[in-house]
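Trainee: below are the sequence and a predicted model; questions follow.
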Amino acid sequence: MKHDLDMLLFPLVGYLSGSVLYAQLFVRLFTGQNLTQISDDHNPGTANAFQYGGFLCGVLTLVCELLKGFVPVHLFMEGPPRDPYICALVLAAPVIGHTFSVFSHFHGGKGIAVTFGCLLGLLPLWQPFAVLAAFFLLFSVVLRISPHYYRTLAAYIASLVGMIFVVDRPEIRSGFCFMSIAVLWRMLTSKEKKEQMEVKPLWKH
């Protein structure tokens, strides 16, 4: 019983870690302004931290967003073999915390940076991180999808399929699925203005 309770603490800690919206905190610290009020898409994310808080604000936000996913996942994975269902929850918890932050009335950011942080926490298992990074690069350079809103949707959906073929651990595939649902739900229900999607191959840039 105690072991089960200890295991459930990891998803809780991961969720609370993800719920800290560093972009919101650092922009307020650097500028005294509320990021969700001054940004066009009302998103407390890394890109807006760079845009509205400046370079140092953006770098600090990016580092903290990566770490809040990396640390709880890495600590969990460094321990003895765990229940696969708990592993999936631990992997997704920081992203769910970021997208539905308990410290911000269950509103949050899109969760892209923290997703990469969680996948880095799986190292030395590098394939999950590589799959998501590869699709973001594909849709940013080779087959450029714009604006970023649609590029992100495409990258996550393609990565969900890619994980099936590249990652042979079902708990990690399930964890990424939970992450993707949180990110896609957050994006699809956001109030940001959706511009028309444009797709350009590399040779037409």
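Mentor: Great, that's in hand.

Trainee: going forward, measure contacts between C-alpha atoms and count neighbours the same way
Mentor: OK.

Trainee: what does stretch 73-83 contact?
Mentor: With CA atoms under 8 Å, 6 or more residues apart in numbering as the test, stretch 73-83 has contacts from 10, 14, 87, 90-91, 118, 121-123.

Trainee: give me the mean pLDDT for that stretch.
Mentor: Stretch 73-83 carries an average pLDDT of 82.

Trainee: repeat that for stretch 100-109.
Mentor: 89.

Trainee: next, the buried residues of it.
Mentor: 100-102, 107-109 (16 or more other CA atoms under 10 Å).

Trainee: columns secondary structure and distance to residue 173 on top of those residues, output as JSON lines?
Mentor: Listed next are the buried residues of stretch 100-109 as JSON lines, based on DSSP: H, G, I helix; E, B strand; the rest coil; distance: CA to CA, whole Å:
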{"residue": "100", "secondary structure": "coil", "distance to residue 173": "21"}
{"residue": "101", "secondary structure": "strand", "distance to residue 173": "23"}
{"residue": "102", "secondary structure": "helix", "distance to residue 173": "25"}
{"residue": "107", "secondary structure": "strand", "distance to residue 173": "25"}
{"residue": "108", "secondary structure": "coil", "distance to residue 173": "24"}
{"residue": "109", "secondary structure": "coil", "distance to residue 173": "22"}
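
Trainee: quick one on the thing from earlier: just the buried residues from the contacts of stretch 73-83, in ChimeraX please.
Mentor: ChimeraX command restricting the contacts of stretch 73-83 to the buried ones, with burial defined by 16+ other CA under 10 Å:
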select :10,14,87,90,91,118,121,122,123
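
Trainee: ok, back up a step: closest one of the buried residues of stretch 100-109 to residue 23?
Mentor: Distance to residue 23 across the buried residues of stretch 100-109 (CA to CA) is lowest for residue 109, with 9.2 Å.

Trainee: need phi/psi at the closest one.
Mentor: Per-residue torsions, residue 109: phi -100, psi -170 (degrees, to the nearest 10).

Trainee: spit out the contact partners of the closest residue to residue 107 other than its chain neighbours.
Mentor: Nearest non-adjacent residue to residue 107, counting by CA to CA, 6 or more residues apart in numbering: residue 100, 4.9 Å away. By CA under 8 Å, 6+ apart, the contact set of residue 100 is 19, 106-109.
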